[in-house]
Structures are given as structure tokens and as C-alpha cells.
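J.: fold the following and give me the result.
(chains A and B)
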2 protein chains.
Amino acid sequence: MNPVELVLSPRLRVTPFEARVREQGIKSYTVYNRMVLPVNYTDTLDEYQHLCANVQVWDVAAERQVEVVGPDALELVELITPRHIAPCEVGQCVYAPLADQDGLVVNDPIILRLAQDRFWISIADSDVLLWVKGIAYGRGMEVKVFEPDVSPLAVQGPKADDLMADLLGEHVRDIRFFRFIETNIAGTDVVLARSGWSGQGGFEIYLQNSADGLALWDAVWAAGQKYQVRAGSPNLIERLETGLKSYGSDMTHDDHVLECGFERYMHLDKPAAYMARESVQALQQQGVKKRLCHLMVPGNPLPGLRERWPVLENGSVVGFASSCAYSPKHEANLLFAMLSVNVAKPGTSLELEVSGNRCDAIVKDDRWKS
Amino acid sequence: MNPVELVLSPRLRVTPFEARVREQGIKSYTVYNRMVLPVNYTDTLDEYQHLCANVQVWDVAAERQVEVVGPDALELVELITPRHIAPCEVGQCVYAPLADQDGLVVNDPIILRLAQDRFWISIADSDVLLWVKGIAYGRGMEVKVFEPDVSPLAVQGPKADDLMADLLGEHVRDIRFFRFIETNIAGTDVVLARSGWSGQGGFEIYLQNSADGLALWDAVWAAGQKYQVRAGSPNLIERLETGLKSYGSDMTHDDHVLECGFERYMHLDKPAAYMARESVQALQQQGVKKRLCHLMVPGNPLPGLRERWPVLENGSVVGFASSCAYSPKHEANLLFAMLSVNVAKPGTSLELEVSGNRCDAIVKDDRWKS
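T.: Here you go, the predicted model:
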């Protein structure tokens, strides 16, 4: 496939960091929540190697927030997820799949609890804002739902702690995983969370005023100079190795919340009401028919994945692969694939079809072991 | 600005026509409803000239449908728009702005009435599906809301009637504006509407089975050979000349439905309940503060618009321009701009600021006259 250009218009929303992203020589973008999301400055392998050894600054403003605030905020947030939210403390974040009354996945955000009655739903790529507004309106709930002017800037990599300690003080090292503090960088108020879309450690800095975006970037950038900081982005190789699924690719609104490997992030018997409960109970009785799996293909790197690739057992299609990257660590191609439950067992030998050619594939557990 | 590449992944959904779009040498894309939307095969001016003289086939699958069907379908569709929907007949389409309980615009779709209790909302770029599902759930309405496998292929240009008459028979010439028939092309059932995102006339063919996308394209393409058919797309120059606004650029979820020039498409006193009624009445009493206008800038073609450009009166910002193209017909730059009501009058002289430079601008009526 020849490369195609992305035509930028105001409809593909500008981020507060875009001028710096341009200055760092961005080569390619994707679009995420109707906003641009940088992909490559050099190439995926080079950026992967740098990320795993150093520290990077990522413009992830496209991870938009949906703010839910008011007396019914907790009730509403409980309603949209099978995860029990009440135990989440102020200052804590939780990963929580969202599901509708048919159990279909709507998104898989991080939810930040800013106050007893105030949440940010930090979303993957779907308009959660409109869905939650619709539910709140339909049920007449006493709550305000809106998209605040909040844009995350991620600092990721093994030297992220050193960078942030230089910038803000040693106390940032004590922020626990999926906890956040409110602080100030370069004169602008931010929420600083230990989180991020990689397994290399680091922080997400939630900018709360777009006009201060370049000042925030510049402060982080200056502190990063002694750590060979570079501009980066969520990295395909790293996310496959770490096992991070992408909503819209690996699971979509066609998939049931029981099929996507969310077990650790759900409390199906939670006391609070949630929309998907009946559907979940019905499917538990019937048993799920497919499951999101890890799949490994030894050999040379596979080409870029545009359309889902069929996965076969004895010549019959048993599922589709939705993400793929060649892993230097495993010296093999890593894939995520939605597979029939009867083959969704680590160790199962299957075939993958790429442009008419078939190659051997093996189901792995979620740590890429069998 | 250097061009940037769009990284294609399954998250940016494939269209049923994509293989043909590639074969025709697509050079650039945008992303619309989380699906790719072709932009340029050659360049905007060349494609504009061809469109205005001949006929083009457009992959507009990204205009997704939200199907609303069931006993409460009409009540639900009435609820989300200030347009009176009950008078819309089966076989008719209407352009209808959608607005929430705060009067904020959610989308500006074409609504097709397929049966008394069955509608397709053919959407611009926002997840209407999730919003409508949320409202229906919250109110416990007896209705099914889903995205069917329906992808429009547009046939646009002055020779569109000749092409379609050759393909289907002379009766297609009798289809009135914004009316549709159900028919079959190349063995696949389609809805054929006289509509489309240009002022050059033509049809939109709603494919109802993705697997038949290439067969449909090929049939239209073959019939178009004697009319110099080319692959095309919604054209920036043509849409400015015709006055077609784009949701997400020219009006967004930050704008009130009374501010966007929808007067002809709303019945604010309609008998059916609609969410925006109270907000509309309140703002009618207060008076709107801004209005979407047509703005003309004489002189040489302006550069591409990435971020909205400020519009000034006596040095003070009075609004922002959101779309711009140089019109060969008017020999001037045409823009859409959201402006303070006090300057939103045809004939008003203003200034436009582009990259620090100011140029003269004049407000025009919606036919580019003053």
C-alpha cells in the first residue's frame, strides 16, 4: 500500500502541544476521538528502543476527558461499568470497561476520582460524552456531564521518575501506581498521575488549560535534556509486548464485555446497579462464544495490518487478528485476536492468513507464555 | 506545514469500496466517524472542475447510518431534533439538526424514513449512535437503535442522471429531490436517493451489504465510462460555493442550534416533544450572541486552514473562520465564520487574521451576495 496523506482541518481537533510536535518533526498521525494523535517521528522500532531505555514525552491530548459531577455522579458512573467504583478513593484511578444494556463494550477508560462526587472518564476512541449525556438526560439524573479543557501529556520510560523528580521534587517518586496528585508545573495547574499507555513506567500530566500547553511541554522538555528525552507516542511494539488492547481495533462495540479479557477489572456481583448486569448474567449461563487472545507467529516480520486477518484451524476460520507487531524481545510477531472459545487456549496451534498466504500461529497466555 | 502520513489501522474502519479507491490512486484521506473518507485523487481544483462538468463516484461510506426502529421510533426521532419529523413520508429524506437539552448541536444528519416506525439517521461526524442509545435506554423506550451494515456510494455531477438512467432505466430521472426508492444494482439491494453533499445534483446509493461493495462500484463505474466518470469526494471549493457547512468544523457541540443558520430546517413550535425546546425558548428571549456567516476575502488564494482564524472589527476579535477555499467562480476566498451578531449582517466590512497578517473581509448572505 502506498502511503496516504492526512488532510488536516479544524474538524480533526488541534492539540495544545501541536506546535512542538511539528517542531520535533512528526511524520505520521492517526485520528483518535476526532483529534490528531501523533504516531511516528522516526520509525516504530527506533522509537521502541529509545522508549525502553530512556524517557519520552507524548502528546496524548486525544485521550479526552468526560467530566461527571454532581449528586448523582457516582450512581451514573456505577451504571455504565461492571467495575465497582465506590471503593475507588479520591486521588485514585481505575481501569474500567464500559458496557451498555446489551453488554456491548462502549470504551475502556481510566476513571479518575477527583472528589466524592466528581470523576474524569479518560477515554479511548469513542464518544462516551454523548452516550453518558444521553443516559443522564433519559433518567433525569442530577449531574453535569461535559468535556473539560483537559489534555494529557505523557512522560513514559524508565527515566520518567528521574525527569519528574528533577522537575517537581523527590516526592513524585512516592506517587503509587494509578494514584494522582494535584500540583503545578510552569505556572499551570495539573493533575499528575502515575499511569500511561506503556509498560515502561511513567506519568500522565493532565493539563487543565490549553493555552498553557506549550509552556508545560517546554518545562518537561527542559528537564528531560539530561535524560536524552525525545518526543514519542504510544508504541505499537511496546503495547503488544505489554498486552495493551486498543478499543476500536482489538475490541469494538460488536463485542461483549465478557469476551475481552476484562475479568480482573469487573465485579459482576457489585452492589450498585449497572446497565450490563442482565446481559452479563445471561451470557454467563450460555457461555461466551469468543475470547480476545494473544497469538504468536514465529518467523519474519509480517506486513502492516489494515484489515483484520483471518485465523484458521484445519482450514476453517475461527477468528480474526486485529493488531500485530514484530517483537525484538520475543523474536516473533505478536498479535491480538478474537477467537472462538474452543481454540482460545494457550498452546493451541492455528494458522494465520495474510494476503492469501498462511503461516503457523500459536495461542499464548496474556504474558506471551504458553 | 509539511504533509503528514495517516497511519491506517483497523481502528480507522475500512470501507466496502476501499480497494477501488486505492486502485484509482487515492492520495489523501480524512477520518470521519472513525472510518476513512477519501479526499484527493489529484487536487481540489482539478476535481472541482471535473465535478462541475461531468460525473464522479464518491466513497462516502463514512456517512454512517443509525437505524431507529420500533413502536417508539418516531417519538425518539422527534425528541432529538427541533425539526417536525411526523410529516416526513416514507420514501422521503429530511435534513434535520440534532440538539441536546442545552440546545447544543450534536449532528446535522439527513433522516430517511424507511417505514412508519423505521428511520435511518445518516450522520455527519459524531457518534449519534451512542447518544441515541443512551437516551432510549434512559427513558425506557420501546425501540431498537443500532448501526446497520449500510454504506453510501455517491454519484454526483451534472451527468449523474444520465449515468443512472443508463444503469437502471429512465424512471430514475423522476425521483424527486430528497426522495428515495428501493431497487437493485449488480445483484445487491440498495436504497437510491436523490441527495448528496454537493450542489451539482446526483444520487446517493445506500449499499446494504458490505460484501457487495466492489460489485456496486464496478457497475456504476462501467455505466460512467461514456460520461468520463472519475473517482472523487466531497469537494472543498464546491461545498463553500454551495454553502454546505461541516459539523465539527463550522459548528460543533459548543454551538447552539439557534446560532447555525438552521432556521429553514426547524419547527420550533412543533407539537412533538423535543429535548432542546426549553433552551431554544430561553435563548429566543435573550437573543443569540453569535451566528454562522458567509465571509468573502478578495485577492489571492489563502493558505490551508488548520486552526480557526480570528475575524476582527476595529482590531477586536468578533469571531473565527472555520472553512476556507478559493472560488474560481467568485474569484475570491469564501469562508464560513461564527461571528458576533452585531457584525453578522451582509455587507459588514471586517478583517481576517491569517498567520499574523490581516486582510479585508466582507460578510455575505448565504448565496454569497451582499
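
J.: not counting residues beside it along the chain, what's closest to the residue of the stretch 201-350 of chain A found nearest chain B?
T.: With C-beta to the nearest C-beta, the shortest gap between the stretch 201-350 of chain A and chain B falls at A:G248, namely 3.8 Å. Every residue, glycine included, has its C-beta placed from N, CA and C. Using C-beta to C-beta, 6 or more residues apart in numbering or on different chains and skipping residues adjacent in sequence, the residue nearest A:G248 is B:R11, 3.8 Å away.

J.: the one you found: what's it in contact with?
T.: A:30, A:125, A:246-249, B:34 (C-beta atoms under 8 Å, 6 or more residues apart in numbering or on different chains).

J.: distance check, it against B:L335.
T.: 32 Å (C-beta to C-beta, to the nearest Å).

J.: buried subset of the contacts of B:R11?
T.: Neighbour-count burial (16 or more other C-beta atoms under 10 Å in any protein chain shown) is assigned, among the contacts of B:R11, to A:30, A:125, A:246-249, B:34.

J.: what does the stretch 201-350 of chain A have sitting close to chain B?
T.: Applying C-beta under 8 Å from any C-beta of the partner chain, one finds that the stretch 201-350 of chain A approaches chain B through A:246-249, A:253, A:275, A:304-308, A:322-323.

J.: ramachandran angles for whatever residue of the stretch 1-150 of chain A ends up closest to chain B?
T.: In the stretch 1-150 of chain A, the residue that lies nearest chain B is A:G138 (1.7 Å; C-beta to the nearest C-beta). Dihedral angles of A:G138 (phi, psi; degrees, to the nearest 10) stand at phi -60, psi -30.

J.: equivalent analysis for A:L98, please.
T.: phi -100, psi 140.

J.: is it correct that it is in contact with A:L104?
T.: No - using C-beta atoms under 8 Å, A:L98 is not in contact with A:L104, being 9.7 Å away.

J.: tally of neighbours for A:I237?
T.: 20 (other C-beta atoms under 10 Å in any protein chain shown).

J.: am I right that it is in a strand?
T.: No - A:I237 is assigned helix when assessed by DSSP: H, G, I helix; E, B strand; the rest coil, not a strand.

J.: read off the pLDDT value for it.
T.: Predicted confidence (pLDDT) for A:I237: 98.

J.: residue contacts, it?
T.: Counting by C-beta under 8 Å, 6+ apart, A:I237 makes contact with A:44-45, A:48, A:325-328.

J.: how close does it get to B:A186?
T.: A:I237 is 42 Å from B:A186, by C-beta to C-beta.

J.: now swap in A:A160 and tell me
T.: 56 Å.

J.: more neighbours: which of these two?
T.: A:A160 (26 against 15).

J.: next, the contact list for that one, please.
T.: Taking C-beta under 8 Å, 6+ apart, one finds A:55, A:200-203 in contact with A:A160.

J.: ok, and the closest non-adjacent residue to it?
T.: Closest residue to A:A160 apart from its sequence neighbours, by C-beta to C-beta, 6+ apart: A:G202 at 3.5 Å.

J.: okay, now that neighbour: neighbour count?
T.: Neighbours around A:G202, by other C-beta under 10 Å: 27.

J.: ok, now the one 3 residues further on?
T.: The burial metric for A:I205, expressed as a neighbour count using other C-beta under 10 Å, is 28.

J.: for it, what are its contacts?
T.: Contacts of A:I205 by C-beta under 8 Å, 6+ apart are A:152-155, A:185, A:190-192, A:216, A:220.

J.: pull the most distant pair out of those residues.
T.: Farthest pair in the contacts of A:I205 (C-beta to C-beta) is A:V191 and A:V220. Separation: 14.7 Å.

J.: touching chain B at all, the helix or strand harbouring A:I121?
T.: If you go by DSSP states H and E, A:I121 is part of strand A:118-122. No - judged by C-beta under 8 Å from any C-beta, strand A:118-122 and chain B are separated, with a smallest distance of 13.0 Å.

J.: can you pull out the residues in contact with that strand?
T.: Strand A:118-122 is contacted by residues A:63-69, A:73-74, A:77, A:93, A:98, A:107, A:109-114, A:128, A:132, A:148, A:150, A:152, A:206 when judged by C-beta under 8 Å, 6+ apart.

J.: hmm, 6 Å instead?
T.: Here strand A:118-122 makes contact (C-beta atoms under 6 Å, 6 or more residues apart in numbering or on different chains) with A:63, A:65-69, A:73, A:77, A:109-113, A:128.

J.: out of the residues you listed, which are buried?
T.: Buried, going by 16+ other C-beta under 10 Å: A:63, A:65-69, A:73, A:77, A:109-113, A:128, out of the contacts of strand A:118-122.

J.: restricted to strands, list those.
T.: A:65-69, A:110-113 (DSSP state E).

J.: which residue sits farthest out from the middle of chain A?
T.: Going by C-alpha atoms, centre = their mean, the residue of chain A most distant from its centre is A:N314, 34.0 Å out.

J.: let me know the secondary structure of the nearest residue to A:A211 once chain neighbours are set aside.
T.: Distances taken as C-beta to C-beta, 6+ apart place A:P16 nearest to A:A211, at 7.6 Å, with adjacent residues excluded. Here A:P16 is recorded as coil under three-state DSSP.

J.: pretty sure A:P16 sits against A:G213.
T.: Yes - A:P16 is within contact range of A:G213, at 2.5 Å (criterion: C-beta atoms under 6 Å).

J.: OK, contacts around A:A219?
T.: A:185-186.

J.: hang on, it in a helix?
T.: Yes - assessed by three-state DSSP, A:A219 belongs to a helix.

J.: and the gap between it and A:M164?
T.: Counting by C-beta to C-beta, the gap from A:A219 to A:M164 is 11 Å.

J.: re the thing from before, my read: the residue of the stretch 201-350 of chain A closest to chain B touches A:D125, true?
T.: Yes - assessed by C-beta under 6 Å, A:G248 is found in contact with A:D125 at 4.6 Å.

J.: where do the helices of chain A begin and end?
T.: A:18-23, A:44-53, A:73-79, A:128-139, A:160-168, A:213-224, A:236-242, A:277-286 (DSSP state H).

J.: so how far is the last one off the chain centroid?
T.: Its chain's C-alpha centre lies 26 Å from the corresponding centre of helix A:277-286 when counted by C-alpha atoms, centre = their mean, to the nearest Å.

J.: which strands and helices lie in contact with that helix?
T.: Contacting helix A:277-286 under the criterion 3 or more C-beta pairs under 6 Å, 6 or more residues apart in numbering or on different chains; DSSP states H and E is no other helix or strand.

J.: buried residues, it. List them.
T.: Those buried within helix A:277-286 under the rule 16+ other C-beta under 10 Å are A:277, A:279-280, A:283.

J.: identify the bridge partners of the closest residue to A:S327 other than its chain neighbours.
T.: With C-beta to C-beta, 6+ apart as the criterion, A:S327 has its nearest non-adjacent residue at 5.0 Å, and that residue is A:L334. Note on A:L334: beta-bridge partners by DSSP bridges are A:M296, A:A325.

J.: for A:A62, give me its contacts.
T.: Per C-beta under 6 Å, 6+ apart, neighbours of A:A62: A:32-33, A:35, A:37.

J.: please export the C-alpha coordinates of stretch A:61-81 as PDB.
T.: Only the C-alpha atoms of stretch A:61-81 are listed here, as PDB (Å, rounded to 0.1, in the frame of the first residue of the first chain):
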ATOM      1  CA  ALA A  61      -4.300  15.000  24.300                       C
ATOM      2  CA  ALA A  62      -6.600  12.800  22.200                       C
ATOM      3  CA  GLU A  63      -7.300  10.800  25.400                       C
ATOM      4  CA  ARG A  64     -10.200  13.200  26.100                       C
ATOM      5  CA  GLN A  65     -11.900  13.500  29.500                       C
ATOM      6  CA  VAL A  66     -15.600  13.200  30.200                       C
ATOM      7  CA  GLU A  67     -16.300  15.000  33.500                       C
ATOM      8  CA  VAL A  68     -19.200  13.700  35.600                       C
ATOM      9  CA  VAL A  69     -20.000  15.900  38.600                       C
ATOM     10  CA  GLY A  70     -23.000  16.300  40.900                       C
ATOM     11  CA  PRO A  71     -25.100  14.400  43.500                       C
ATOM     12  CA  ASP A  72     -25.800  11.500  41.100                       C
ATOM     13  CA  ALA A  73     -22.300  11.300  39.700                       C
ATOM     14  CA  LEU A  74     -21.300   8.000  41.500                       C
ATOM     15  CA  GLU A  75     -24.600   6.400  40.600                       C
ATOM     16  CA  LEU A  76     -24.100   7.300  37.000                       C
ATOM     17  CA  VAL A  77     -20.500   6.100  36.800                       C
ATOM     18  CA  GLU A  78     -21.500   2.800  38.500                       C
ATOM     19  CA  LEU A  79     -24.300   2.400  36.000                       C
ATOM     20  CA  ILE A  80     -22.000   2.400  32.900                       C
ATOM     21  CA  THR A  81     -19.400  -0.100  34.100                       C
END
